[in-house]
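In: Below: sequence and its predicted model.
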Amino acid sequence: MGGFGLPILFRGDFMLVKCKCHSEKIDRGTAFKVIINNKNEYYCTEEDYLRIQNDKETRKNLLDKINNIFGYVITNTILYKELSEITKVHSYSKINSYVNENSQMLEKYMGKSFNNEYGKIKYFTTIIKNNIKDYIMTTPTSIKQSDAEVVGVMYKAKSRKKSMDAYLDELE
Ligand SMILES: [Zn+2]
């Protein structure tokens with residue numbers, strides 16, 4: 001083991017790993033590897049890794065804000081379920097920005113009395129769902145740009161795979 005030589009790729013050597021970014025099987029040889037707590041994690045590209053790290057940060061930030069609005073730390077998992085449902089369509093950055101800009105209004109709504117916490121969380125996430133569609137981020141961050149970058153990265157990753165195949169074809 002060890003050695004500093006370049007890895008030699010044979011077609012039979014392909015090892016597939018599941019990427020953390022898209023939950024897809026990808027070639028380990030071209031994946032971006034990170035070691036976290038002695039465990040290997042694979043991403044399609046470094047950009048995917050950074051984007052996911054950024055999403056984690058934003059999500060944490062968002063949860064902090066929501067806890068602030070509710071006035072306590074929410075442990076009911078329905079909140080996470082609801083949020084991940086929304087993020088299928090809208091980014092964490094967008095939700096974060098919406099909640100940030102409307103925190104006073106949201107706080108007022110959440111001050112009402114509810115029958116139970118489930119209903120309260122549902123009410124909260126329904127407000128977000130109903131309003132986020134038409135919400136345009138006014139913060140002059142480069143979120144739009146980074147969305148475009150992500151599309152670019154995914155395209156690049158695909159074409160990189162293609163070029164790897166082309167490279168292997170040349171070996172034959
Ligand atoms: Zn991926």
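Out: That came through, no problem. Numbering: from 1, shown residues only.
In: Next, the buried residues of stretch 77-90.
Out: 79, 82, 83, 86, 87 (16 or more other Cβ atoms under 10 Å). All C-beta spots, glycine's among them, are computed from the backbone N, C-alpha and C.
In: Please apply the same query to stretch 35-48.
Out: Applying a neighbour-count criterion of 16+ other Cβ under 10 Å, one finds 41, 42, 43, 44, 45, 47, 48 buried in stretch 35-48.
In: Could you tell me what pLDDT the model assigned to the last one?
Out: If you check residue 48, the pLDDT there is 96.
In: With the second one instead?
Out: With respect to pLDDT, residue 42 scores 96.
In: Out of the buried residues of stretch 35-48, give me the two with the largest separation.
Out: Maximum pairwise distance among these (Cβ to Cβ): 14.9 Å, between 41 and 47.
In: Closest one of the buried residues of stretch 77-90 to residue 22?
Out: Proximity of the buried residues of stretch 77-90 to residue 22 (Cβ to Cβ) peaks at residue 87, which lies at 14.4 Å.
In: Could you give the backbone dihedrals for the closest one?
Out: Phi and psi for residue 87, reported as degrees, to the nearest 10, are phi -70, psi -10.
In: doesn't residue 95 make contact with it?
Out: Yes. The pair formed by residue 87 and residue 95 meets the contact definition of Cβ atoms under 8 Å, at 7.0 Å.
In: ok, the nearest residue to residue 103 once chain neighbours are set aside - how many residues close by?
Out: Distances taken as Cβ to Cβ, 6 or more residues apart in numbering place residue 69 nearest to residue 103, at 6.0 Å, with adjacent residues excluded. Neighbourhood size, residue 69 [other Cβ atoms under 10 Å]: 20.
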